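> Give me the fold of what follows.
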Amino acid sequence: MFSGKAEEAMNFYTSVFEQSEINSVFHHEDGTVLHAVFTLKGQTFMCIDNKNGHEHPFTPAMSLLVACDTVEEIDGVFAKLSQDGQVLMPLQASSFSEKFGWVADKYGVSWQLNLAKN
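Numbering: from 1, shown residues only. Next comes the predicted model:
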């Protein structure tokens, strides 16, 4: 649930991840998103714009985990998501993956990116 930026965020996310698309968008009369469905790397997500007048910010307590397929993919996605956002854990090797990083994007959505060890 975004505060008036659902469609902007959805467009951003589908530009960051390959094999992504916007499936449907329904708007309120004022142009904000009533309901939208989009797909990132085969995973379906829904988003809306908050119309109740209260702020409900995203927190790192809930994050989206994305399994990346190549070093180039994880490096590119991490760079794009962290631009104007916040790096919560730098992209680096770990005991469980070739590369792992955690970032909150410019909308406040938290992402954990993983490139599994072969």
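> tell me the domain ranges of the chain?
Listed domain ranges for the chain are 6-47, 63-116 (source: automatic domain parsing).
> pLDDT score for the spatially closest residue to V33 that is not a sequence neighbour?
In this structure, V33 finds its nearest non-sequential neighbour in A6, 3.9 Å apart by CB to CB, 6 or more residues apart in numbering. From N, CA and C alone the C-beta is placed, and that goes for glycine too. pLDDT, A6: 97.
> Now do the contacts for A6.
Applying CB atoms under 8 Å, 6 or more residues apart in numbering, we find A6 in contact with T32, V33, A36, C47, I48, D49.
> Any of those residues buried? List them.
Buried members of those, counted by 16 or more other CB atoms under 10 Å: T32, V33, A36, C47, D49.
> JSON lines for the residues you listed, including pLDDT and secondary structure?
Formatted as JSON lines, those follow (pLDDT from 0 to 100; DSSP: H, G, I helix; E, B strand; the rest coil):
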{"residue": "T32", "pLDDT": "96", "secondary structure": "coil"}
{"residue": "V33", "pLDDT": "98", "secondary structure": "strand"}
{"residue": "A36", "pLDDT": "98", "secondary structure": "strand"}
{"residue": "C47", "pLDDT": "97", "secondary structure": "strand"}
{"residue": "D49", "pLDDT": "96", "secondary structure": "strand"}
